[in-house]
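A.B. asks: can't give you the sequence, but here's the structure:
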C-alpha cells in the first residue's frame, strides 16, 4: 500500500489526522513540530509520541522531500536548483545572497505559467499545473536540509508561476512557512509577488496576513504594459492600482513595485514621469532591475549607466528606489530558463525514443 506523504500538511490538517487515528488533537502539534521545525522525519525517533502512534505513522505515512535534479552555482554566489516533481514536471528555486548578508530565496508556485509575459522564460513553457502545498513548502525544506537553519533570510513567492492563480495552496503553504512551530520564518520577511491579479490582491488584503506584497509592474502606462503583460488586458492598470491602494489602506503597509528595465522600451524620461504619477500617494518602494536576457525573446538589457540614470531621475519623485543587481547571469538565473532547458532536453529525448 502506498504511504501518504505528510509534506504539505498544515497544523490543522495534522491535528485532524491525529483525531482520525484515534489520538488526541495535540499530538498533531507534536508531529508538526518534529517534521517542520526539528526536521526529524523518522517517526520512530519522535520520542514524545507513544510507541503505538509511532508504529501507525511508520506503517501508513512518510515525509518525503523534493529531490534536486540539477544544481547550478554562479560565480557571484547565486544558486539555482532544478527539482523534478513526481510526475516529471520541472520547477526551479533560486537562492540569491547579497553583500549585506541577506539570502533571498525565490520559490515556484506553478510548473510553468499560463500568463505568457513576453519577456519571461517561464511563460514560454505554458502552464503545466499548479504546485501542491507540499511542493511549495518542500523547496524551503530542501534548502534547510542542504544548508541548515540559516539557509535563507527572505522568502519570495516569485519564481515560476503566478501565486495569486494558485491562491489556496499558496496561502496554506504560507501558514506552514510562518508558523512558529513550522518553518518559523518571519511573515514580515515573506513576500507574495504578483503580476497584478487585481481581485485576488483585494482578497489577500482582507485576510489580514502579515506577509508583504510585491507587484511586478514593468510599465507605467496601460498602453505599454499590455504589450508585455497580456493579462493586463483583463486586469487593467487602473484596476490594478485601485487594488494596490486598497491593499495599502487595509493592511497599513507599503507595497513593493518591481520594475524590470528593458532597453529602449520603458527606460525614458516619459516613463519616469508616468511612473511617478502612477504611484503618487501610495506607500511604496521601487525595486529596479535590468533585464536578464532570455534566448529567443526580443528584449535587450539596458546599460548599467542607463539603469543608474533612471533611478536618479525617479528617486526625487517617489519615496524609495533601490537598484537590484542581476545575479546568476552565467547560470541563466532568469525564471524558467533552467526548467525550460530541461523541458527541451526531455522533449527531444521523447521524440527520439
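C.D. replies: Here it is on my side, so go on. Bear in mind that the values here come from a model prediction, so they are computed numbers and not experimental data.

A.B. asks: Closest to the centroid, which residue in the chain?
C.D. replies: The central residue of the chain, meaning the one whose C-alpha is nearest the mean C-alpha position (Cα atoms, centre = their mean), is residue 157 at 1.7 Å.

A.B. asks: Strands of this protein, start to end?
C.D. replies: Counting by DSSP state E, the chain forms strands over residues 4-5, 61-62, 68-73, 79-84, 90-97, 103-107, 110-112, 127-130, 154-157, 190-194, 212-216, 255-261, 284-290, 321-324, given from the N-terminal end onward.

A.B. asks: so what's residue 184 closest to, chain neighbours aside?
C.D. replies: Here the nearest residue to residue 184 in space, its sequence neighbours aside, is residue 37; by Cβ to Cβ, 6 or more residues apart in numbering that works out to 6.0 Å. For glycine as for every other residue, the C-beta is placed from the backbone atoms N, C-alpha and C.

A.B. asks: Please name the residues that touch that neighbour.
C.D. replies: 181, 182, 183, 184 (Cβ atoms under 8 Å, 6 or more residues apart in numbering).

A.B. asks: 10 Å - rerun?
C.D. replies: Applying Cβ atoms under 10 Å, 6 or more residues apart in numbering, we find residue 37 in contact with 149, 179, 180, 181, 182, 183, 184.

A.B. asks: sorry, back to before: my read: the residue nearest to the centre of the chain touches residue 164, true?
C.D. replies: Yes: shown here, residue 157 and residue 164 form a contact pair, counting by Cβ atoms under 10 Å, at 9.5 Å.

A.B. asks: about what we covered before: now the strands of the chain in JSON lines, with distance to residue 31 and mean pLDDT?
C.D. replies: Shown next, in JSON lines, are the strands of the chain (distance: least, Cβ to Cβ, whole Å; pLDDT from 0 to 100):
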{"stretch": "strand 4-5", "distance to residue 31": "13", "mean pLDDT": "96"}
{"stretch": "strand 61-62", "distance to residue 31": "9", "mean pLDDT": "98"}
{"stretch": "strand 68-73", "distance to residue 31": "26", "mean pLDDT": "94"}
{"stretch": "strand 79-84", "distance to residue 31": "25", "mean pLDDT": "95"}
{"stretch": "strand 90-97", "distance to residue 31": "26", "mean pLDDT": "95"}
{"stretch": "strand 103-107", "distance to residue 31": "24", "mean pLDDT": "97"}
{"stretch": "strand 110-112", "distance to residue 31": "29", "mean pLDDT": "96"}
{"stretch": "strand 127-130", "distance to residue 31": "26", "mean pLDDT": "96"}
{"stretch": "strand 154-157", "distance to residue 31": "23", "mean pLDDT": "97"}
{"stretch": "strand 190-194", "distance to residue 31": "23", "mean pLDDT": "98"}
{"stretch": "strand 212-216", "distance to residue 31": "30", "mean pLDDT": "97"}
{"stretch": "strand 255-261", "distance to residue 31": "36", "mean pLDDT": "97"}
{"stretch": "strand 284-290", "distance to residue 31": "39", "mean pLDDT": "96"}
{"stretch": "strand 321-324", "distance to residue 31": "39", "mean pLDDT": "93"}
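
A.B. asks: Tell me which of the ones you listed lies nearest to residue 168.
C.D. replies: Evaluated with Cβ to Cβ, these place strand 127-130 nearest to residue 168, the distance being 9.2 Å.

A.B. asks: Other residues contacting that closest one?
C.D. replies: Contacting residues not belonging to strand 127-130 are listed as 85, 87-91, 109-116, 135-136, 160-162, 165-170, 339, 343 [Cβ under 10 Å, 6+ apart].

A.B. asks: care to break this protein down by domain?
C.D. replies: With domains defined by automatic domain parsing, the chain comprises 4-62, 66-185, 195-326.
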